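> here is my input, please return the structure:
(chains A and B)
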Amino acid sequence: RKEVEQDPGPFNVPEGATVAFNCTYSNSASQSFFWYRQDCRKEPKLLMSVYSSGNEDGRFTAQLNRASQYISLLIRDSKLSDSATYLCAVSPGGGADGLTFGKGTHLIIQP
Amino acid sequence: DVKVTQSSRYLVKRTGEKVFLECVQDMDHENMFWYRQDPGLGLRLIYFSYDVKMKEKGDIPEGYSVSREKKERFSLILESASTNQTSMYLCASSLRTSGGDTQYFGPGTRLTVL
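This next block holds a predicted model:
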């Protein structure tokens, strides 16, 4: 199974700032991409899927760069409640194959 | 809302015991998955199933088996628990669609093997 790499951080960011992090994947045939959020001692929860054209959901923007094989997550106007670990996940897609997860980026929003 | 439930939040077992972890989803999803999550290693896929009575090995199937007798239920079995199987175990389910396979996770079972 191919690798998915993330900077583990932690990223310490003041409240209200914009923060971005990337996730690289090695399997060029990957078709499906996701960002999950995981709070301490909780299960991962889907934050957003990542589409080829990029997508935005409120303060969150996800982008896919197939040529360079990475996905990115941008958080604008960060809130204290955004503090969490952000996992990227990649799948061959089209069926039942499990997701390959990065180890996560730990984000801490400071007041 | 998708709901994935796991039979126990915390479990303590002894080395050599047979352990059953149960997972149930209520959204008629075809696909179900078992992962373990360890500090520094992230989430790793143990087994998955895309239909009743079907199973596929993931990245780290050694020491585990699974059972899927009903669509909504996927069980993970540790035939003879060992201390290196102490971990957080997460079950997930997803629809089988061609457009991607968003997975929804249960709350996890934190297993300690003594």
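> need the contact partners of the helix or strand harbouring B:Gln37.
Following DSSP states H and E, one finds B:Gln37 within strand B:31-38. For strand B:31-38, the external contacting residues (Cβ atoms under 8 Å, 6 or more residues apart in numbering or on different chains) are A:96, A:98-99, A:101, B:21, B:23, B:25, B:43-50, B:58, B:60, B:64, B:66, B:68, B:74, B:76, B:87-96, B:101, B:103, B:108. Backbone N, C-alpha and C define where each C-beta goes, glycine included.
> recalculate using a threshold of 7 Å.
A:96, A:98, B:23, B:25, B:43-50, B:66, B:68, B:74, B:76, B:87-94, B:96, B:101, B:103 (Cβ atoms under 7 Å, 6 or more residues apart in numbering or on different chains).
> what's the lowest-mean-pLDDT helix or strand in chain A packed up against?
Here the helix or strand of chain A ranked lowest by mean pLDDT, DSSP states H and E is strand A:100-101, holding a mean of 89. Counting contacts by 3 or more Cβ pairs under 7 Å, 6 or more residues apart in numbering or on different chains; DSSP states H and E, strand A:100-101 packs against strand A:84-91.
> what about the strand it packs on, near chain B?
Yes - contact between strand A:84-91 and chain B is present through A:Ser91 (criterion: Cβ under 7 Å from any Cβ of the partner chain).
> in that strand, what's buried?
Using 16 or more other Cβ atoms under 10 Å in any protein chain shown as the test for burial, strand A:84-91 gives A:Ala84, A:Thr85, A:Tyr86, A:Leu87, A:Cys88, A:Ala89, A:Val90, A:Ser91.
> per-residue pLDDT, the most centrally placed residue in chain B?
Centroid-nearest residue in chain B, with Cα atoms, centre = their mean: B:Trp34, separated by 2.6 Å. With respect to pLDDT, B:Trp34 has a value of 96.
> helices along chain A, start to end?
Remark: no helices are assigned in chain A by DSSP state H.
> closest one to chain B out of the buried residues of strand A:84-91, please.
For those, the residue nearest chain B by Cβ to the nearest Cβ is A:Ser91; the value is 5.7 Å.
> may I have the beta-bridge partners of that closest one?
Judged by DSSP bridges, the bridge partners of A:Ser91 are A:Ser32.
> where in chain A is pLDDT low?
Within chain A, the ranges that satisfy pLDDT under 70 run A:1-2, A:93-96.
> between the strand holding B:Gln37 and strand A:84-91, how many degrees?
130 degrees (axes from the mean of the first three to the mean of the last three Cα atoms, to 10 degrees).
> so which bits of strand B:31-38 are buried?
Buried-residue list, strand B:31-38, by 16+ other Cβ under 10 Å: B:Asn31, B:Met32, B:Phe33, B:Trp34, B:Tyr35, B:Arg36, B:Gln37.
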